[in-house]
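A.B. asks: Okay, predicted coordinates and the sequence, questions at the end:
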Amino acid sequence: GAGVSQSPSNKVTEKGKDVELRCDPISGHTALYWYRQRLGQGLEFLIYFQGNSAPDKSGLPSDRFSAERTGESVSTLTIQRTQQEDSAVYLCASSTSWTGTEAFFGQGTRLTVV
Amino acid sequence: KNQVEQSPQSLIILEGKNCTLQCNYTVSPFSNLRWYKQDTGRGPVSLTIMTFSENTKSNGRYTATLDADTKQSSLHITASQLSDSASYICVVYSSASKIIFGSGTRLSIRP
C-alpha cells in the first residue's frame, strides 16, 4: 500500500483479555517501530525491528507485551491480560533503514480497556 | 541520557499571528532532527529535517533552525492558520538506530 496501515483502528476490550494489533509497513521498509501514546502525552518507544536482526525490546513496559515481525513485512503487537493503564493509541512506523531516514507513521490503533 | 525537551507545553495564539516553538536535546550520536506535526487522531507527519550542517530551512510558512553547538532547534510558524492547530513534535534521530521523541507542543489557533 501507499502508507503504513494499522488495524483495527479502534479496539475496546475487557480487562484481563488479550489483544493483538497489526501493522503493515510500507513495502520495502526494513525498519519498523511500535510506539504508545497515552492521552495528551508524548510518544513512548516500545520495540524496534530492523531486517533480520534481533529486535530492540528495551521499551516494552512489561512481559505482558510482545511483538513479532515476519521478515520485512507485517508486525503484530500482542498485549496479554490487558489492564486499564494499557489504554492508549498504539502507533506503528516504518522507514527504509535505521540510519536516520524518515519514519512514516500509521494512523494508530486506539485501545480502550474497560 | 538521551532526551528531547520542548517548550512551551501548550500555546494559544490568534489566527494570523506568528509563533516559535523550542526544542532542546541531549542525544548522542546525532544523525538529524525532524519536526513532526500530529493532528488530533492522526499519526505524526514530518514537516522538515535538519542535518548537522544546516542552520535554517523553510517549508512554506514553517521555518526550522538548528544550533548544533548548543543543541537547540526552533520551529517558527508565520501567519498562522486554523489548520495549524495540532501537536508539534521535535524528534531527534540518532545514528545508533534510535528515534527520540519530545513530548510535543500543543498549538491552538483561535479565530
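C.D. replies: Yep, that arrived.
A.B. asks: alpha carbons only for contacts and neighbour counts from here, please
C.D. replies: Fine.
A.B. asks: So for the residue in chain B that chain A sits nearest to, what's the nearest residue that isn't a sequence neighbour?
C.D. replies: The nearest approach of chain B to chain A comes at residue B:103, 4.1 Å away (Cα to the nearest Cα). Of all residues not flanking residue B:103 in the chain, residue A:42 sits nearest, at 4.1 Å (Cα to Cα, 6 or more residues apart in numbering or on different chains).
A.B. asks: in which helix or strand would I find the spatially most central residue of chain A?
C.D. replies: The centroid of chain A falls nearest to residue A:34 when counting by Cα atoms, centre = their mean (3.3 Å). Using DSSP states H and E, residue A:34 sits within strand A:31-37.
A.B. asks: elements contacting that strand?
C.D. replies: In terms of contacts (3 or more Cα pairs under 8 Å, 6 or more residues apart in numbering or on different chains; DSSP states H and E), strand A:31-37 is packed against strand A:43-50, strand A:88-95.
A.B. asks: May I have the strands that pair with it, each with its orientation?
C.D. replies: strand A:43-50 (antiparallel), strand A:88-95 (antiparallel) (DSSP bridges).
A.B. asks: For these, state which one has the densest average packing.
C.D. replies: strand A:88-95 (a mean of 26; mean count of other Cα atoms under 10 Å in any protein chain shown).
A.B. asks: who does the nearest residue to residue B:49 once chain neighbours are set aside bridge with?
C.D. replies: Leaving aside its sequence neighbours, residue B:49 sits nearest to residue B:34 (Cα to Cα, 6+ apart; 4.4 Å). The partner list for residue B:34 in beta bridges (DSSP bridges) reads residue B:49, residue B:91.
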